[in-house]
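Enquirer: model this:
(one chain, ligands or ions: 1)
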Amino acid sequence: MQASFLKHRAPVALALLAGLAQGPAAWAQQGTQAPGQAASPIYGVTIPPGYRKWEMIAPAEEAAPLDELRVVLGNPVAIKAIENATLPYPDGTILVKLAYKRKQSDDFGPATVPGQPTTVQVMVKDSRRYASTGGWGYGRFINGVPANEAQHQTCFACHASKVKDRDYVFTRFAP
Ligand code: HEC
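Expert: Alright, predicted model coming up:
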């Protein structure tokens with residue numbers, strides 16, 4: 001167990017070192033988190049380095065009042081689990097949801113495009129660490145800063161009330 005934990009974390013550690021070597025500008029460019037930034041309350045989840053290059057699972061659109069476009073990305077562990085229809089998701093799975101305000105395209109009226117980014121939300125599977133919340137740790141970040149504890153108290157309740165039978169994950173793979 002410990003060995004497989006380390007195996008999953010090793011590439012992350014390397015990515016962290018690479019990021020450090022390149023300095024803060026590189027972090028910003030890669031959409032990754034600078035070292036030392038705060039983790040989410042309750043769960044201690046951080047924005048995973050390199051997530052912006054992960055595969056898309058599906059897009060989504062949220063009606064008013066949020067009026068957002070979203071896209072959910074999965075790390076390689078998540079994508080493999082989806083391909084093999086593995087449920088529950090294995091430890092090491094990470095899902096990231098990026099959200100943007102909806103905006104009418106400046107170039108073409110009928111098109112709706114991403115406007116201002118609003119949140120980055122993260123779910124990390126670690127069945128032992130997060131045993132009391134279905135094995136998932138949650139993080140919501142606004143401009144890279146974790147939202148408050150009150151917001152983090154809502155995550156599991158909503159996911160558990162609607163999609164417990166799909167390992168608490170709403171998003172279905174869009175081919
Ligand atoms: C009121 C219900 C509700 C609450 C509260 C909620 N979510 Fe979700 N979440 C959803 C829905 C619905 C989706 C499906 C995609 C979408 O509509 O944006 C989703 C999707 C996600 C996803 C992508 C994986 C999936 O399950 O589809 C992540 C990551 C996520 N939420 C994180 C969080 C975090 C972190 C919090 C707390 C800070 C949170 N959510 C609170 C309803 C909720």
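
Enquirer: so which residues on this structure come close to the ligand?
Expert: Residues of the chain found near the ligand (Cβ under 6 Å from any ligand atom) are 60, 62, 70, 72, 95, 97, 121-123, 138-140, 147, 151-152, 154-155, 158-159, 169-171. Every residue, glycine included, has its C-beta placed from N, CA and C.

Enquirer: show me these that map onto strands.
Expert: Ala60, Glu62, Arg70, Val72, Leu95, Lys97, Gln121, Val122, Met123, Tyr138, Gly139, Arg140 (DSSP state E).

Enquirer: top of these by neighbour count?
Expert: Met123 (29 neighbours; other Cβ atoms under 10 Å).

Enquirer: correct me, but that one touches Gly135?
Expert: No: judged on Cβ atoms under 8 Å, Met123 makes no contact with Gly135 at a distance of 9.8 Å.

Enquirer: point to the helix or strand of the chain where mean pLDDT is at its lowest.
Expert: helix 24-30 (a mean of 37; mean pLDDT, DSSP states H and E).

Enquirer: low-confidence ranges in the protein?
Expert: 1-37 (pLDDT under 70).
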